[in-house]
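> I would like to see how this sequence folds:
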Amino acid sequence: MSGRRLTQTERQQIAAGLAEGLAYAEIARGLGRPTSTVTREVMRNGGPTGYRADLAHRASEHRARRRRQTAPRGPGAPVRAHGRDPEEVSEYEEAFATLLMRQGLTKMTARVLTCLFISDTGSLTAAELVQRLQVSPASVSKAITFLEEQGLVRRERDQGRRERYVADEGVWYQSTVASARGTAQVAETARQGVTILGPGTPAAVRLENIARFSDFVSETILRAAEQARDVLYTRPPQAPPDPG
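Numbers count the residues shown, from 1 in each chain. Take a look at the predicted model:
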């Protein structure tokens, strides 16, 4: 069931469930689908408040046509790694990239970063990114330059002296810390306003509350990031083998 594409009727059921305020898991149970399928579908097509069944279905058909047109055929076609469903992987990749775009990345940088994250090798060359994403070398180069400037990827050379791009697990720690420091700067700026506007005035009280809230959030995030940092570099426990 999980490998079959959503039908237009199922998308209408998703839209109806969202309108009723149902959770993704509840909608998924009604469809007999994994919760992840419904989550990806909604996030890829406007989110819970912007999801439209007809638009989502047309977008899905367009993606399917585009994949058929660009999919390699014959001896050079990629093997299904680890028994994965290529269509599910493609849908997940698009959903992840869409999420990164909503957080501020451009479409190309989001696609490149997602491609690096879901690669089993953990790194890709420019040529491999061009082939996987079906875009120009210039587009990949521009995206990589931006991601490097943000500290999201780094370069290294393999044994063949080819330049490879790597997205480290530490990216999440670094971006979380940067976000917390940005929140701390909000607190500092708000307190400057308290002095300028006069302590005790309505505006100053508002700014002081913003400062106290921002301080608390920043300190909590920094403390949690330090405590959880090792999680990024540990392997999760292996699931027991399926007896079936």
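
> Can you tell me the element the most centrally placed residue in the chain falls in?
Nearest to the geometric centre of the chain sits F96, at 3.7 Å (C-alpha atoms, centre = their mean). Here F96, judged by DSSP states H and E, is contained in helix 86-102.

> Just want the angle from the next helix or strand after that helix to helix 86-102.
Next helix or strand after helix 86-102 toward the C-terminus (DSSP H and E): helix 107-117. Angle of helix 107-117 versus helix 86-102, following axes from the mean of the first three to the mean of the last three C-alpha atoms, to 10 degrees, is 130 degrees.

> how far does helix 107-117 sit from the chain's center?
9 Å (C-alpha atoms, centre = their mean, to the nearest Å).

> Counting by contacts, list what that helix packs against.
Secondary-structure packing of helix 107-117 (3 or more C-beta pairs under 8 Å, 6 or more residues apart in numbering; DSSP states H and E): helix 86-102, strand 123-125, helix 126-133, helix 137-149. The C-beta positions use only the backbone N, C-alpha and C, and glycine is treated the same way.

> In TSV: these, plus distance to N209 and mean pLDDT.
Converted to TSV, the helices and strands packed on helix 107-117 look like this (distance: least, C-beta to C-beta, whole Å; pLDDT from 0 to 100):
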stretch	distance to N209	mean pLDDT
helix 86-102	28	81
strand 123-125	46	91
helix 126-133	46	91
helix 137-149	35	91
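
> Relative to A204, which of those is closest?
Closest of those to A204 is helix 86-102, at 34.5 Å (criterion: C-beta to C-beta).

> Mind listing what's buried along the closest one?
E88, E91, Y92, E93, E94, A95, F96, A97, T98, L99, L100, M101 (16 or more other C-beta atoms under 10 Å).

> And stretch 103-120, by the same measure?
Neighbour-count burial for stretch 103-120 [16+ other C-beta under 10 Å]: L105, M108, T109, A110, R111, V112, L113, T114, C115, L116, S119.

> so how far is S218 from the first one?
Spelled out, it's L105. 23 Å (C-beta to C-beta, to the nearest Å).

> got it, and the fourth one?
For A110, the distance to S218 (C-beta to C-beta) stands at 26 Å.

> Now R4: which helix or strand?
Here R4 is assigned to no helix or strand, by DSSP H and E.

> Near it, how many other residues are there?
The tally of other residues near R4 (other C-beta atoms under 10 Å) stands at 12.

> Domain ranges for the chain, per the record?
Here the domain assignment for the chain is 1-55, 92-167, 170-233, based on automatic domain parsing.

> pLDDT on the last one, on average?
Average pLDDT, domain 170-233: 91.

> Report the distance from that domain to the chain centre.
For domain 170-233, the distance to the chain centre is 24 Å (C-alpha atoms, centre = their mean).

> Show me what the helix or strand where E208 lies packs onto, helices and strands only.
Assigned by DSSP H and E, E208 falls within helix 202-228. Here helix 202-228 touches helix 170-197, going by 3+ C-beta pairs under 8 Å, 6+ apart.
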